[in-house]
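Visitor: what shape does this take:
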Amino acid sequence: MKMNDVLQWVGCLFLIGGHSLNALGPEVHPWNIVAFTLGTLMFLIWTIRVRNAPQMTVNAVSITLCVVGLLKAVG
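Guide: So this is what the prediction gives:
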């Protein structure tokens, strides 16, 4: 399996995990944000590798919001 495929599938699994944790409720906070951050990071790395500028923009904004959310959750 190629690295780009691995990045996308790992990102996919983390994002599914984040949504699954969201469905469980606030007691799993901030683990849902951690899962979203890891999934978004995988997709951001992939978009840099394939030079997909629109998706890179989405992922850069998403990762920024994830970091803000994590800082608010732990701090």
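
Visitor: check residue 44 and give its pLDDT.
Guide: Listed pLDDT for residue 44 reads 95.

Visitor: before we move on, what about residue 52?
Guide: Residue 52 carries a pLDDT value of 95.

Visitor: which non-adjacent residue is nearest residue 56?
Guide: Of all residues not flanking residue 56 in the chain, residue 47 sits nearest, at 4.0 Å (CB to CB, 6 or more residues apart in numbering). Yep, even glycine has a C-beta here, placed from its N, CA and C like the rest.

Visitor: contact partners for that neighbour?
Guide: 53, 55-56, 59 (CB atoms under 8 Å, 6 or more residues apart in numbering).

Visitor: report the buried members of those.
Guide: 56, 59 (16 or more other CB atoms under 10 Å).

Visitor: any chance of a markdown table for the contacts of residue 47, columns secondary structure and distance to residue 67?
Guide: Shown next, in a markdown table, are those (DSSP: H, G, I helix; E, B strand; the rest coil; distance: CB to CB, whole Å):
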| residue | secondary structure | distance to residue 67 |
| --- | --- | --- |
| 53 | helix | 21 |
| 55 | helix | 19 |
| 56 | helix | 16 |
| 59 | helix | 12 |
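
Visitor: closest one of the contacts of residue 47 to residue 33?
Guide: For those, the closest approach to residue 33 (CB to CB) belongs to residue 59, at 15.3 Å.

Visitor: contacting residues for the closest one?
Guide: 40, 43-44, 47.

Visitor: and these, which two are furthest apart?
Guide: Maximum distance among those (CB to CB): 10.2 Å, for 40 and 47.

Visitor: so residue 62 is in which element?
Guide: Using DSSP states H and E, residue 62 maps to helix 53-74.

Visitor: buried residues in that helix?
Guide: Neighbour-count burial for helix 53-74 [16+ other CB under 10 Å]: 56, 59, 62-63, 66, 69.
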